[in-house]
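Asks: Take this sequence and fold it.
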Amino acid sequence: MSKNYFSALFFLLLLAGLSACKKSSSSDYKCANCATSPTADAAYDHSSKGIYKGTIVGSTGTVNIEIENTGSILTAAIRLDDQWINMGTTTQWVAGQPFTATFSGVYGSQTATITFTVEADGSHPQVTYINIPGHTGATIVVYKELSSSQIKCYEGTYSGQSAGVFNMVVNTGADTWMAVVKGNNDNSCTLVSGTISGTSLTCSNCIGGTAGSSVSGTLSGDNMTGSWSDGQGGSGSWTSHRTM
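Replies: Below is the predicted model:
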């Protein structure tokens, strides 16, 4: 056979090898450990008992708080930069009363604490105090998950005229989302909220209340991508993928 034949065959085999070794694109990402349906007990949809999920920024991660959703368990689990902080509390849940508790756990060789509060009917859940060594200025946003409304949490980044963390919490039952945004050089976070219609995410005049600011995006499986404009000449893109 001719030398050209062997050259062509080698080239085809090289292309096949490169194709086989090519990594999956970010659009192929799927959250292997994420729940596919709500884990909240229907009996506690209108109670302070139940499941609360959200995100932490400063650096980045997720938060899962369980108030007697299963038995008498009261726990808070924070995944921060891929390290878990498992927290407990000695506070007892009391029927018909607002619930406030301080959770603590070991982070590295030190103690991390958060204070969680929620109304008796499960409304207005908040983390009002955060003390995680090495993460001064961290922000946590949580939502109550209902048996009919799953809470999904996403972690990502934004870039353009500025860049930083862009984490999102999606309330599937209400078709709403909240993004917690923190620039790489910022000391505080900005909260941005909007709505979802089908696979489209939108909000207007929503970045710091600035006229003309906007965020838009598209949801595809466990991935989201989109663009942003601060209404003052700054713009760019963002991407986020589901982690809880």
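Asks: count of residues packed around the residue lying closest to T70 once chain neighbours are set aside?
Replies: In this structure, T70 finds its nearest non-sequential neighbour in D41, 7.5 Å apart by CB to CB, 6 or more residues apart in numbering. Just so you know, the C-beta spots here come from the backbone N, C-alpha and C atoms, and that holds for glycine as well. Counted with other CB atoms under 10 Å, residues neighbouring D41 total 17.
Asks: Also the one 5 residues further on?
Replies: As a burial measure, H46 scores 14 neighbours (other CB under 10 Å).
Asks: any idea how far S72 is from the closest residue to it other than its chain neighbours?
Replies: Computed as CB to CB, 6+ apart, the closest residue to H46 that is not its neighbour in sequence is D121, at 5.3 Å. When distance is defined by CB to CB, to the nearest Å, D121 is 20 Å away from S72.
Asks: Looking at those two now, which is surrounded by more residues?
Replies: Using other CB under 10 Å, the more surrounded residue of D121 and S72 is D121, with 13 against 7.
Asks: for the more buried one, phi and psi?
Replies: Here is the backbone geometry of D121 (degrees, to the nearest 10): phi -90, psi 10.
Asks: quick one: it and S47 touch, right?
Replies: Yes. Because the distance of 6.8 Å satisfies CB atoms under 8 Å, D121 is recorded as touching S47.
Asks: Helices along this structure, start to end?
Replies: 3-21 (DSSP state H).
Asks: just for it, where's the confidence low?
Replies: For the chain, the stretches flagged by pLDDT under 70 are 1-27.
Asks: In terms of residue numbering, what are the domains of it?
Replies: 45-148, 150-244 (automatic domain parsing).
Asks: Just grab the bridge partners of V57 for me.
Replies: As for beta bridges, V57 partners with T60, T139 under DSSP bridges.
Asks: With F166 as the reference, measure out to it.
Replies: V57 is 9 Å from F166, where distance means CB to CB.
Asks: anything in contact with each of those two?
Replies: V181 (CB atoms under 8 Å, 6 or more residues apart in numbering).
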